[in-house]
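sequence and predicted structure, then a few things I'm wondering about:
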Amino acid sequence: MTPSEAEAYALSLPGTFMVVQWMGSHVCKVGTADKNKVFAIFAGEGEGRVTLKCADEETARFLIEIGAATKAPHLPRGGWIALNVADVGDEEMRERLMTSHAVLKASLPKSVQAALG
């Protein structure tokens, strides 16, 4: 999966939109315009790195310990990791994006979650 394919997949998840911020990063958010959460950050053009949230901190620590991911820059706590899209299989990349999306969607107010379907 290429970085643009991973980004397109992230944007296909329900209630998702993207903004460009933080030095040109493509930031995928879930929620509404006024109540949303970041669930994936694709680094600037051509870098191939994505930052996302794991289901829990233990999973993030494990992936970092085995060298499958690194600590997320600027988000060192709370189960956030950074990984190179090219180093992850397609199915695993989809699963990691879905997990990050689900975790952050669940942290939104119930009324926002209901509006997203």
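Thanks, I have it.

if I pick the residue nearest the centre of the chain, what's in contact with it?
Among the residues of the chain, the one closest to the centroid is residue 40, at 2.4 Å (CA atoms, centre = their mean). By CB atoms under 8 Å, 6 or more residues apart in numbering, the contact set of residue 40 is 7, 10, 27, 28, 50, 51, 52, 97, 100, 101. Where C-beta positions appear, they are placed from N, C-alpha and C, glycine not excepted.

return the subset of these lying in strands.
Assignment to strands by DSSP state E places the following of these there: 27, 28, 50, 51, 52.

pLDDT score for the first one?
What it means is residue 27. Model confidence at residue 27, given as pLDDT, is 96.

what of the last one?
Predicted confidence (pLDDT) at residue 52: the value is 96.

make sure residue 99 is actually in contact with residue 54.
Yes - counting by CB atoms under 8 Å, residue 99 does reach residue 54; the two are 6.8 Å apart.

the more surrounded of those two?
Between residue 99 and residue 54, residue 54 has the larger neighbour count (other CB atoms under 10 Å), namely 22 against 18.

gap between that one and residue 117?
Look at residue 54 and residue 117: by CB to CB, to the nearest Å, they are 24 Å apart.

one more: residue 35?
15 Å.

out of these two, which sits in the busier spot?
When residue 35 and residue 117 are compared on other CB under 10 Å, the one with more neighbours turns out to be residue 35, at 12 against 6.

tell me the contacts of the more buried one?
108, 109, 112.

show the buried residues in those.
108, 112 (16 or more other CB atoms under 10 Å).

and the contacts of residue 35 as CSV, adding distance to residue 76 and pLDDT?
What follows is the contacts of residue 35, written out as CSV (distance: CB to CB, whole Å; pLDDT from 0 to 100):
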residue, distance to residue 76, pLDDT
108, 23, 96
109, 26, 95
112, 27, 94
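
hmm, back to that, need the contacts of residue 40 in a markdown table (columns: distance to residue 17).
Formatted as a markdown table, the contacts of residue 40 follow (distance: CB to CB, whole Å):
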| residue | distance to residue 17 |
| --- | --- |
| 7 | 12 |
| 10 | 10 |
| 27 | 9 |
| 28 | 8 |
| 50 | 17 |
| 51 | 17 |
| 52 | 16 |
| 97 | 15 |
| 100 | 15 |
| 101 | 12 |
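
since that was my last question, I'll sign off now.
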